[in-house]
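Colleague: next input, structure requested:
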Amino acid sequence: MSNAAMIRYDEIPYQDYVFPFTHPARMGVVASLHGMRLADPARCRVLELGCCGGANLIPMADGLPGSEFVGIDISSDRIEDGRRTIAAIGLTNIDLRAGSLLDIDAGLGKFDYIIAHGVYSWVPSEVREKTLDICKANLADDGVAYVSYNTYPGWQQRLVIRDMMLYHVGQIADPRERIGQARALLKFLVESVDPRDTVYASLLRRENELLNEYTDAYFYHDHLEEVNEPVYFHQFAARATARGLQYLGEVESNPMVQTLSAEARATLDRLAGTIIEAEQYLDFVRNRPFRRTLLCHDHIRLRRPMAAAALTALYLSSLARPTLERTEAVAAESEEFRGGDGGVMQTNQPPLRAALHCLFEAWPAALTFEALWEQVRARLPSLVNDDGRLELADALLQCYLARMVNLHLRPPTLAAEPGERPRASALARFQAAANLPVCNLYHRAVTLNPFDQMVLQQLDGTRGRPAVVEAMAALVASGVLKVHKDGAAVHDHALLQNALEQSLAASLDRIAQNALLEASDGP
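Modeller: Numbering: from 1, shown residues only. This is a model prediction of the structure:
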């Protein structure tokens, strides 16, 4: 990274996010489905390259106290931000270091999981090559490495727009002015292009809508940085192969694969002789712009395709919401389920429908496959134990690939109900106090309303509900919190107490549903 780029990186720091798909347990699911024997996420070593301020790595360290975490980033400012958070919540199993990836060598040791999110396509060629070198040299024998990168053909059209924006801001030094001018240019093009040129007009409009959803920091570092080098998937795979690494899979499936017609699948099978060719042709079909690829050492024998039987050793949780109530579903011939990302799935299979209802009702808890199977059998007593069991496993594997079900090697130990002395993690309480997105126990960022944020800060596991109500009443007395009824502020003690008790009960339920409460060890 050049000095100028480093200055811009500190001036407009890359925003720190939680990336659920980078969690060791999430990577471990894909590895397990492909037959790998890997380190238990609860007792492993994890390295993150380009860790920013540790927003992704710190929650992992907080949730996996028996594991060791190392993060490296070029920005000393962001590293110091992360270290302050680590000190505030008292973590001892994580080390954030400021430095260049080029300086990493064998002395850093071996890691069971290596994460490189948002690095590969956005760094100079020597750092790009070093990233893969690290994935080889510092990866444990049975380890898994994660690398994300921009891909063709999806980024081909975006590069044209990027080039136009870079041309327009070429003489502008100030990063924030560059952002404003680049956005203004794209808006001007959308408004000025001949609408009869439907292909070009549609491209500009679609890209403008997409970029308007991005924060300035993301927009700047993804589209206006001096380096952004997409690759075709087969090129990335060849570079990994040259280092003794092999393609394991994608940490996040693309539901579009499930919607391909039987004819399209048959044609792809004829065209592709290897998994690399199959994935490349799928990118051509999907116009894929981005990948989250998992790699492992080439001496490992992988199981392809994934076997549904492997799913029976995992835990499952719901991503799908039924559109019918349970009583309505009994009379319906088929049923629709909606995923968290807007996907829709229709099924007329009674065992699968029952399983999805069971998982939805169990949320936020995850169920073992065997526990889920027993619940399904209780609802459908006519099921045959052997045949029906494997058929359900196969159907749930397809749901996982369609992002309707999550799989877990080891789910978090959480409380599905608030209990008498609710407890949130020290990290979640710290984030709520700092008005930051809160990371839940499934390593996902959740946004809370202001009242829930205040409640969450009180949940250290030592307070019963009356004590939490008392703490909230103190916030009212200090003017930090205001309670209204029928549009007017509540001051009467009895009315205030009643309003806070009711609001607290609803708040605790929301907090529990957001998977933010740890299981209590005490009474």
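Colleague: for the rest of this, base every contact and every neighbour count on C-alpha atoms.
Modeller: Noted.
Colleague: count of neighbours near residue 305?
Modeller: Residue 305 is flanked by 9 other residues according to other C-alpha atoms under 10 Å.
Colleague: got it, and the one 3 residues further on?
Modeller: Burial of residue 308 is recorded as 17 neighbouring residues (other C-alpha under 10 Å).
Colleague: ditto for residue 198
Modeller: 11.
Colleague: begin at 339 from now on, thanks
Modeller: From this message on, residue numbering opens at 339, which makes the last subject residue 536.
Colleague: pull the longest strand from the chain.
Modeller: Counting by DSSP state E, the longest strand found in the chain is strand 477-488.
Colleague: may I have it as PDB, with CA atoms only?
Modeller: Extracted C-alpha coordinates of strand 477-488, given in PDB (Å, rounded to 0.1, in the frame of the first residue of the first chain):
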ATOM      1  CA  LEU A 477      -2.300 -23.100   7.700                       C
ATOM      2  CA  ALA A 478      -2.400 -26.200  10.000                       C
ATOM      3  CA  ASP A 479      -2.400 -29.600   8.200                       C
ATOM      4  CA  ASP A 480      -6.200 -29.900   8.600                       C
ATOM      5  CA  GLY A 481      -6.900 -26.200   8.500                       C
ATOM      6  CA  VAL A 482      -9.200 -24.100   6.400                       C
ATOM      7  CA  ALA A 483      -8.500 -20.700   4.900                       C
ATOM      8  CA  TYR A 484     -11.100 -18.100   3.800                       C
ATOM      9  CA  VAL A 485     -10.400 -15.600   1.000                       C
ATOM     10  CA  SER A 486     -12.900 -13.200  -0.400                       C
ATOM     11  CA  TYR A 487     -12.400 -11.400  -3.700                       C
ATOM     12  CA  ASN A 488     -14.200  -9.600  -6.600                       C
END
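Colleague: and for that strand, what are the contacting residues?
Modeller: Strand 477-488 is contacted by residues 360, 365-366, 369, 374-377, 448-459, 473, 567-569, 627-635, 638 when judged by C-alpha atoms under 8 Å, 6 or more residues apart in numbering.
Colleague: buried subset of the residues you listed?
Modeller: Buried subset of the contacts of strand 477-488 (neighbour count, 16 or more other C-alpha atoms under 10 Å): 360, 365-366, 369, 374, 376-377, 448-459, 473, 567-569, 627-635.
Colleague: in strands only, show me the contacts of strand 477-488.
Modeller: 449-454, 628-635.
Colleague: dump those residues to TSV, plus distance to residue 557.
Modeller: TSV is the format used below for these (distance: C-alpha to C-alpha, whole Å):
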residue	distance to residue 557
449	32
450	32
451	29
452	26
453	22
454	19
628	15
629	18
630	19
631	23
632	26
633	28
634	32
635	34
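Colleague: these: which two are farthest apart?
Modeller: Farthest pair in these (C-alpha to C-alpha) is 449 and 628. Separation: 25.2 Å.
Colleague: now for the helix or strand just after the longest strand of the chain, which elements pack on it?
Modeller: The helix or strand immediately downstream of strand 477-488 is helix 492-506, counting by DSSP states H and E. Where contact means 3 or more C-alpha pairs under 8 Å, 6 or more residues apart in numbering; DSSP states H and E, helix 492-506 is packed against helix 513-530, helix 536-550.
Colleague: okay if I get those as JSON lines plus mean pLDDT and distance to residue 841?
Modeller: Output for the helices and strands packed on helix 492-506, formatted as JSON lines (pLDDT from 0 to 100; distance: least, C-alpha to C-alpha, whole Å):
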{"stretch": "helix 513-530", "mean pLDDT": "94", "distance to residue 841": "42"}
{"stretch": "helix 536-550", "mean pLDDT": "89", "distance to residue 841": "36"}
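Colleague: what's the most buried one of these?
Modeller: helix 513-530 (a mean of 16; mean count of other C-alpha atoms under 10 Å).
Colleague: alpha carbons of that helix, as CSV, please.
Modeller: C-alpha atoms of helix 513-530 as CSV (Å, rounded to 0.1, in the frame of the first residue of the first chain):
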residue,chain,number,x,y,z
PRO,A,513,-11.1,11.7,-0.2
ARG,A,514,-14.4,13.0,0.9
GLU,A,515,-14.7,15.4,-2.0
ARG,A,516,-13.8,12.4,-4.3
ILE,A,517,-16.7,10.4,-2.8
GLY,A,518,-19.1,13.3,-3.3
GLN,A,519,-18.0,14.0,-6.9
ALA,A,520,-18.1,10.3,-7.8
ARG,A,521,-21.6,9.9,-6.5
ALA,A,522,-22.6,13.1,-8.3
LEU,A,523,-21.2,11.9,-11.6
LEU,A,524,-23.1,8.7,-11.5
LYS,A,525,-26.3,10.5,-10.6
PHE,A,526,-25.7,12.8,-13.6
LEU,A,527,-25.2,9.9,-15.9
VAL,A,528,-28.3,8.1,-14.8
GLU,A,529,-30.4,11.3,-15.4
SER,A,530,-28.7,12.2,-18.7
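Colleague: who's in contact with that helix?
Modeller: Under C-alpha under 8 Å, 6+ apart, the answer for helix 513-530 is 346, 349-350, 503-504, 506-507, 510, 539, 542-543, 546, 554, 557-558, 562.
Colleague: of these, buried ones?
Modeller: Applying 16+ other C-alpha under 10 Å to those flags 346, 350, 503-504, 507, 539, 542-543, 546, 554, 557-558, 562 as buried.
Colleague: now for those residues: which two are most distant?
Modeller: Spatially, the most separated pair among the buried ones among the contacts of helix 513-530 is 346 and 539, at 31.9 Å (C-alpha to C-alpha).
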